[in-house]
Each structure stands twice: as structure tokens, then as C-alpha cells.
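Asker: Let's see this in three dimensions:
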Amino acid sequence: MLGGLVRVTGSGMGCPDWPKCFGLLAPPTCDCQLPPNYMQMFLEKRIQKVNKFATMLEKLGWTEKAAEIRNNKAIFTPEPFNAAKAWIEYVNRLFGVLAGLFALFFWLFSFRFLNSVRKVFVYATLGFIALLLNAWLGSIVVATNLLPGIVSVHFMLSFSSIYFFMLALNNQSGFLFAKGETKQNTQWTILLLFSLFIVFLGTLARENVEQLSISGTLSKDGILNWSAMGASFAVHRYMPVLFMVYAFWLWKSGKKSAPIQARAFGIAGMLAFCQITLGAININYVLPPVTQVLHIVLGASQPILIFYWRIAKHNAV
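Answerer: Residues are numbered from 1 along each chain as shown. Below is the predicted model of the structure:
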């Protein structure tokens, strides 16, 4: 939710450095608390970090992406201080630190299962590593001034840490799904892949919004200029309809044979319907902040909830 708020308010660069904010543990309240040359000072630090990141990409063989980063003029644009944006980004980081602490405690407690249920420790370790990797990638997002592509990877990687922690919990105690019902694993797998692909296309669409905003072509005749947002947005716009139809079909076909599981399919379909409605509002009213945040939150919640249903164990008792 906080990440979505940062995104829709344009606060991603509210703090030009990481993990501190303007070199301080807490953001200042006005630029009077900063040195006169603060923009140039933080720009130079960002350029140093970008060069290190680009060099790392070159060593990994991603020379084209490294060249794109080095030649991106936006990266070399200094960021002026904005108190509201700085504090929005700062609060988002605070909750990120809190999530990191909970993840650390979760991982430490998982050592209890090293000699009994080793998968708990393995998945907890992978989840903790994924979270640390995403925190580092968050610093790169700031350093590269929200470079398209890296922002999407940052968002999608967050699912991996959540999934690993859920797998650790599931191996420790088990999510029980439905009493006396046959688990429909294939259907849940299809819905999971479907929902993750829709979310991924949504992140690409959001990056296109940034580019259109910069060029001044975001809206046309009072509505979102969706025709200029490319094929990925067109697919993202209509795929939730297919998802909803499939989920409701599963709900209807299983109401008698597996009512508890059918209800879960129905919830997935309703979430898709809500997403379609919010998407329509975003298009026709040019991305109101409230519906943008709700669209992001529901969009992220759906593949997490579906993953829960997918890995839940059959309760035969």
C-alpha cells in the first residue's frame, strides 16, 4: 500500500539517497536545513552508485542495459527538496525496515527446525535473502531515478520473499484448505500464473504512464491516452476479464461438488471484477490517486491470496 502511495504521488525520488534521506536519519522539514549545494552533492553520490551498478551489469554481460543507464539523462538531473514527498518516501522506508526486522526474527526462529522440518529453514532463508536483495534493488531504483524496467523488477521481486515465507509457514504447520474436498491444483496454478502475468503487465503500464506524463501526452480528450501506452497495456486491460470469466466458471462448476473451494474461486473472480472497475475509473478519470492505490493493493493481494490457496494442504479429517 505504501509503495503504491509513493508511486502515485511521485515520491519515489523524495529522498535522493539511500538508506538515509538527504544524508539524515529523518528528512528535514525545509531546504533551509540543507547545505546550499545539496542538489549537486547528492547528484554526484548518485552518479557514483550508478556507475558501480552499470559496471556490475557489464560484468554480467548486460552491456546494453548498462549503456542505457549510463546514457539516461534523467539520472543526471538533480532532485529538488520537497518535504511532503520526502516524508512519504521516508515512511515507506520505515515500514520496509520493520518488515526486514520481522523477516530477520522469522529466519532466526527457523533454526529450530533444522533437525526436524528442514524445509522451514530453507524457505525462511530464501525469503530473507530475497527481501535483502529487494532492499538493495530499492537503493538502485533511487540511484537510477526510477529507471523503467528496474522499477518493475523491484515490484515483482517482492512477491518472491512473501512466497518463500508462506512456504516456510506451510511446511511448519500447514494451511488447511477444505474438509473432504479434492484439491484442484491445476486450476489454482493456472489462476496464479494468470494473476502474476497481469500484475507484471500492470507494472509495465505504470512505467509507460511515467513516460507519457513527462512528454505531456498522458491524457487525450479528458481520458487516459491508453492508445499510446503500447501492446502491454492493451493486454493488461483485457486479460482480467478472461481471468474473471474463468474464476467464475470454476466457482459455478464446483458449487455442489466442492463448495468451500468454489467459494475461493468466487472470491478470486470478485477481486478481478473490482480490479476491472478500478481500471475503468483510472482510464476515464486519468488516474485518481485513491483508485490508483486501491488498484495496486488489490492487484498485489490477488496473486498472494491465490498462492495461499494453491499451496494449502488438503484436510481429509
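Asker: Strands along the stretch 151-300 of the chain, start to end?
Answerer: Assigned by DSSP state E, counting those that start in this stretch, the stretch 151-300 of the chain shows strands spanning 176-179, 219-220, 223-224.
Asker: Give me the longest helix you can find in the chain.
Answerer: Secondary structure of the chain per DSSP state H: the longest helix is helix 185-215.
Asker: And it, how far out from the chain middle?
Answerer: 10 Å (Cα atoms, centre = their mean, to the nearest Å).
Asker: for the stretch 51-200 of the chain, what are the low-confidence residue spans?
Answerer: Along the stretch 51-200 of the chain, the model assigns pLDDT under 70 to residues 145-146, 177-180.
Asker: The stretch 201-317 of the chain too?
Answerer: Confidence mapping of the stretch 201-317 of the chain against pLDDT under 70 gives the ranges 314-317.
Asker: where along it do the helices fall?
Answerer: Remark: helices assigned in the stretch 201-317 of the chain by DSSP state H, counting those that start in this stretch are 230-253, 259-284, 289-311.
Asker: now the angle from the longest one to helix 230-253?
Answerer: Computed with axes from the mean of the first three to the mean of the last three Cα atoms, to 10 degrees, the direction of helix 259-284 lies at 150 degrees from that of helix 230-253.
Asker: packing partners for helix 259-284?
Answerer: Where contact means 3 or more Cβ pairs under 8 Å, 6 or more residues apart in numbering; DSSP states H and E, helix 259-284 is packed against strand 176-179, helix 185-215, strand 223-224, helix 230-253, helix 289-311. To be clear about C-beta, it is placed using only N, CA and C from the backbone, and glycine gets the same treatment.
Asker: one step back: other SSEs contacting the longest helix of the chain?
Answerer: Packing contacts for helix 185-215, counted by 3+ Cβ pairs under 8 Å, 6+ apart, involve helix 150-172, helix 230-253, helix 259-284, helix 289-311.
Asker: Only the buried residues of the helix or strand harbouring residue 100, if you could.
Answerer: If you go by DSSP states H and E, residue 100 is part of helix 83-109. Judged by neighbour count (16 or more other Cβ atoms under 10 Å), helix 83-109 contains these buried residues: 85-93, 96, 99-100, 103, 106-107.
Asker: Okay, buried residues for the helix or strand just after it please.
Answerer: The helix or strand immediately downstream of helix 83-109 is helix 118-143, counting by DSSP H and E. For helix 118-143, the neighbour count (16+ other Cβ under 10 Å) marks 120-124, 126-128, 130-131, 134-135, 137-138, 140-143 as buried.
Asker: Output the contacting helices and strands for helix 118-143.
Answerer: Where contact means 3+ Cβ pairs under 8 Å, 6+ apart, helix 118-143 is packed against helix 38-59, helix 83-109, helix 150-172.
Asker: roughly how far is that helix from the heart of the chain?
Answerer: For helix 118-143, the distance to the chain centre is 14 Å (Cα atoms, centre = their mean).
Asker: could you check the angle helix 38-59 makes with it?
Answerer: Relative orientation of helix 118-143 and helix 38-59, computed by the same axes, to 10 degrees: 130 degrees.
Asker: re the thing from before, now the angle from the longest helix of the chain to helix 259-284?
Answerer: Interaxial angle, helix 185-215 versus helix 259-284 (the same axes, to 10 degrees): 10 degrees.
Asker: Tell me which of the helices and strands packed on helix 259-284 sits nearest to residue 260.
Answerer: strand 176-179 (4.1 Å; Cβ to Cβ).
Asker: Just the endpoints, please. Distance across stretch 107-122?
Answerer: 9 Å (Cα to Cα, to the nearest Å).
Asker: quick one on the thing from earlier: turn the helices and strands packed on helix 118-143 into a markdown table, including distance to residue 241.
Answerer: Shown next, in a markdown table, are the helices and strands packed on helix 118-143 (distance: least, Cβ to Cβ, whole Å):
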| stretch | distance to residue 241 |
| --- | --- |
| helix 38-59 | 38 |
| helix 83-109 | 32 |
| helix 150-172 | 22 |
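Asker: Out of those helices, flag the one nearest residue 73.
Answerer: Nearest to residue 73, of all these, is helix 38-59, at 12.2 Å by Cβ to Cβ.
Asker: That concludes my questions; thank you for your assistance.
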